[in-house]
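Chemist: predicted model and sequence follow; I will ask about them next.
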Amino acid sequence: MACNITIYTDGAAKGNPGPGGYGVVLISGKHRLEKSEGFRLTTNNRMELLAVITGLEALKQPGSNVTIYTDSKYVADAVEKGWLFRWETKSFRKTKNPDLWIRFLDIYRKHNVRFIWIKGHAGYPENELCDRLAVESSGKKDLQEDTGYRPEPEDDSLFTGND
């Protein structure tokens, strides 16, 4: 019998890139779990996506019916509008955060997942809690390294043909 699980997620970064964190709240019946973690140098989008991944990875039973509430258009639209699956067919070339998208797809395919986009800071209690968890995590000492984060190469030339 498949479980019905609700997951709320949020990510934050102080500066983009900068220190960041994520917050996740999982709810199923009488069960509830809150998770959060912070990183030294990352981006908001990476934290939004990592929040979703962490929530899904916390599930013990494959085939769960999962509803994810997120205020990240980046994550929700990538899945619900099918962009992610086009990126996958192109081996994630020219796609940001391929390490996380590959990790996401692995766990996503083990469950029945749907996304619901909600406006951030609009009074959804669990989303507000996720935001607080993410921000608090990003401000902790001894933050982890986001080993998959790769800064965009800086192009300091003014003209094409300058190498």
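Modeler: Thanks, I have the structure now.
Chemist: quick one: what helix or strand has the nearest residue to residue 116 once chain neighbours are set aside in it?
Modeler: Excluding the flanking residues, the one nearest residue 116 by C-beta to C-beta, 6 or more residues apart in numbering is residue 69, at 5.2 Å. The way it works is simple: take the backbone N, C-alpha and C, and place the C-beta from them, glycine included. Following DSSP states H and E, one finds residue 69 within strand 65-70.
Chemist: list the buried residues of whichever helix or strand residue 131 is part of.
Modeler: Following DSSP H and E, one finds residue 131 within helix 125-138. Neighbour-count burial for helix 125-138 flags 126-131, 133-135, 137-138 (criterion: 16 or more other C-beta atoms under 10 Å).
Chemist: which among those gets closest to residue 77?
Modeler: Distance to residue 77, by C-beta to C-beta, is smallest for residue 127 among the buried residues of helix 125-138, at 17.2 Å.
Chemist: can you list the weak-confidence ranges in this protein?
Modeler: Residue ranges of the chain with pLDDT under 70: 1, 153-163.
Chemist: which residues touch the spatially most central residue of it?
Modeler: The centroid of the chain falls nearest to residue 49 when counting by C-alpha atoms, centre = their mean (1.5 Å). By C-beta atoms under 8 Å, 6 or more residues apart in numbering, the residues touching residue 49 are 11, 72, 74-75, 97, 100-101, 104.
Chemist: secondary structure, distance to residue 147 and neighbour count for those residues - can I get that in TSV?
Modeler: Supplementary listing: the contacts of residue 49 in TSV, determined by DSSP: H, G, I helix; E, B strand; the rest coil; distance: C-beta to C-beta, whole Å; neighbours: other C-beta atoms under 10 Å:
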residue	secondary structure	distance to residue 147	neighbour count
11	strand	17	31
72	coil	21	23
74	helix	20	16
75	helix	20	26
97	coil	13	22
100	helix	11	21
101	helix	15	21
104	helix	16	22
